[in-house]
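A.B. asks: Turn this into a structure:
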Amino acid sequence: MGFYSVLTKGEQTRSLFENMIRLGKQYPLPANSKLPDNIELGLKRANQCVSNEDFSKYASDHPYDGMPLAVTGLTDTEYSKLTGWLVQGGVVSPLVAEVSRADRAYIDRWESWLNGKGARQQLVSRWLYEHLFLAHLYFEDNGADTYFFEMVRSHTPPGKDIDIIATRLPNDDPEGPLYYRLQPLKGSIIHKRHITFAFGQEQFQRTRELFEAGDWQAGLLPDYSQANQANPFATFAAIPTKARYQFMLDNAEYFVRSFIRGPVCRGQIATDVIRDQFWIFFMTQKMTCLLPIRPIVPQSLHCWRYLGATIS
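C.D. replies: Numbers count the residues shown, from 1 in each chain. Alright, predicted model coming up:
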């Protein structure tokens, strides 16, 4: 697909990675000062992906666009550590979390249930996945040595290595059979995306209690068409309303976090929303609102901002 390594030197003296941090070191930016006008930033900036062979021209045209971009830069110690690592080959050791026997028992239990046969179970599992794909799952019953896991869609069933169905959105068409799997969270945990969700015995029992109650029927399973992607209320209408909303109320903290800290399209707008003040009401009775301002209605919760409100 046209990708190339940033670690390989090729016929050059240094790799692209080293050339970029070296450029940043050659033209350091003074701390706590305005950036030069010739550093182009913003949503509409022209992104570039220069190859190592063309780096000399890039450095001549953009002397202030080395790495790290638009910040004060690396200290001497940081620069030496990175260049030393690159000289050694820039080897990245894979991060493999060892799954304990206790965690494995939970994984097997959840995967067995999530991939159960029948239209009802398939619809519930899809609903759960599309609501929990952002979650960093943990089994709180297993003590302080907590690993985190994520729910993914896989081409392969439980018992086999996970082969992730790589789609941009969690409700994109998998284009074939799928299985819901739990895999250890790999890589560094970043606070912005660390939205935790307890997935132990209590959650397992409560989830089954909510979604298995009653003699409801799923009927014909919805497809992954654009219409069904855009309207989860219609897509999951067969699942009893009580079960769906009670699950979200039981786990309100997670859904509020996913609204604030989940992925967004434009960071500047998201920052404005986060810095704003808002209130969330969880009601079982009729709510009458005075002077509503700019309703924000995410998929999971209804959030409003008010000048004033009365509740009856």
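A.B. asks: contacting residues for the residue nearest to the spatial centre of the chain?
C.D. replies: Geometric centre of the chain, nearest residue: Leu134, 4.7 Å, by CA atoms, centre = their mean. By CB atoms under 8 Å, 6 or more residues apart in numbering, the contact list for Leu134 reads Arg193, Ile195, Ser258, Gly262, Pro263. All C-beta spots, glycine's among them, are computed from the backbone N, C-alpha and C.
A.B. asks: Repeat the analysis, applying 6 Å as the threshold.
C.D. replies: Neighbouring residues of Leu134 by CB atoms under 6 Å, 6 or more residues apart in numbering: Ile195, Ser258, Gly262.
A.B. asks: Kindly report the same for Ser225.
C.D. replies: Contacts of Ser225 (CB under 6 Å, 6+ apart): none.
A.B. asks: what about it, distance to Asn171?
C.D. replies: 10 Å (CB to CB, to the nearest Å).
A.B. asks: What of Glu98?
C.D. replies: In this structure, Glu98 and Asn171 are 32 Å apart, going by CB to CB.
A.B. asks: Kindly report the same for Ser93.
C.D. replies: 34 Å.
A.B. asks: Give me the more crowded residue out of those two.
C.D. replies: Asn171 (16 against 5; other CB atoms under 10 Å).
A.B. asks: Where does the more buried one sit: helix, strand or coil?
C.D. replies: Following DSSP: H, G, I helix; E, B strand; the rest coil, Asn171 is assigned to coil.
A.B. asks: same deal with Ala166?
C.D. replies: Recorded secondary structure, Ala166: coil (three-state DSSP).
A.B. asks: So which bits of the strand or helix carrying Phe204 are buried?
C.D. replies: Assigned by DSSP states H and E, Phe204 belongs to helix 201-211. Buried residues in helix 201-211, counted by 16 or more other CB atoms under 10 Å: Gln203, Phe204, Thr207, Leu210, Phe211.
A.B. asks: for stretch 69-81, same thing?
C.D. replies: Within stretch 69-81, the residues scored as buried using 16+ other CB under 10 Å are Gly73, Leu74.
A.B. asks: Identify the residues contacting that stretch?
C.D. replies: Taking CB under 6 Å, 6+ apart as the rule, stretch 69-81 contacts Gly24, Lys25, Pro28, Leu29, Ala31, Leu35, Ile39.
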